[in-house]
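Visitor: Next input, structure requested:
(2 chains)
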Amino acid sequence: GAVVSQHPSRVICKSGTSVKIECRSLDFQATTMFWYRQFPKQSLMLMATSNEGSKATYEQGVEKDKFLINHASLTLSTLTVTSAHPEDSSFYICSAYRTGTVGGRSGNTIYFGEGSWLTVV
Amino acid sequence: DAKTTQPTSMDCAEGRAANLPCNHSTISGNEYVYWYRQIHSQGPQYIIHGLKNNETNEMASLIITEDRKSSTLILPHATLRDTAVYYCIPYNAGNMLTFGGGTRLMVKP
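Guide: Modelled structure (predicted):
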């Protein structure tokens, strides 16, 4: 399957600082990427949809000034958690939308990165 | 978005087939059924998808009922590494994936 890579896989930062997480589609171009957050024992919650060359679309309740998303190229989207606080500690997961066909039928699929564990102390 | 109903948890003996059901009675005509799984502390992994025909790949088989209101993911020979949370998601191309609670599959020796 397609490969989506996230970096860093784990990061610890001090309260009040900013942290950047990168998401790359390694073997395909993605005009659309998605950022999710997952708290322990909960399902994934969509934070925002990132479109290459345009502003991200944030889900209700997600602060766009706190979670800055940049999708400057077809293979890279970044999420910056600004002025991080302990309550921002979570598992952040990106995904990229790949279009195409497989055996003559729709192969449009979203592939996920490995996730990034953020701990704010 | 169509809603799904999946068992909260299931057990399966190693080497046996794991059959994971999903009810998606409100699925729309242009929505595919996608299956993902999430192994602990990892990002979700794509397994398989289908529209109305049964599908098979190297990971699993997908059986979709004729009325498309439900489907079953089949892992033919479950291994301990198949222990994960499995998500069934009706999906319309280009939109985001909405995750429900999924089924926690425990494969036991």
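
Visitor: In contact with the closest residue to chain A within chain B, which residues?
Guide: Nearest residue of chain B to chain A, counting by C-beta to the nearest C-beta: B:Gly43, 3.8 Å away. Every C-beta, even on glycine, is put in place using the N, C-alpha and C of the backbone. Shown in contact with B:Gly43 (C-beta atoms under 8 Å, 6 or more residues apart in numbering or on different chains): A:4, A:6, A:93, A:95, A:112-115.

Visitor: cool, B:Pro7 as well?
Guide: B:20-21, B:103.

Visitor: Also B:Lys108?
Guide: Contacts for B:Lys108 were tallied using C-beta under 8 Å, 6+ apart; they are B:11-14.

Visitor: top of the residues you listed by neighbour count?
Guide: Of all these, B:Cys12 has the most neighbours under the rule other C-beta atoms under 10 Å in any protein chain shown, reaching 19 neighbours.

Visitor: Give the bridge partners for it, please.
Guide: Beta bridges link B:Cys12 to B:Val107, judged by DSSP bridges.

Visitor: Compute the number of surrounding residues for A:Arg10.
Guide: Other residues within reach of A:Arg10, judged by other C-beta under 10 Å, total 10.

Visitor: partners of the biggest strand by length in chain A in the sheet?
Guide: Identified as the longest strand of chain A according to DSSP state E is strand A:90-98. Using DSSP bridges, the strands paired with strand A:90-98 in its sheet are strand A:32-38 (antiparallel), strand A:109-112 (antiparallel), strand A:116-120 (antiparallel).

Visitor: Excluding covalently adjacent residues, which one is nearest to A:Thr49?
Guide: Excluding the flanking residues, the one nearest A:Thr49 by C-beta to C-beta, 6 or more residues apart in numbering or on different chains is A:Thr57, at 4.5 Å.
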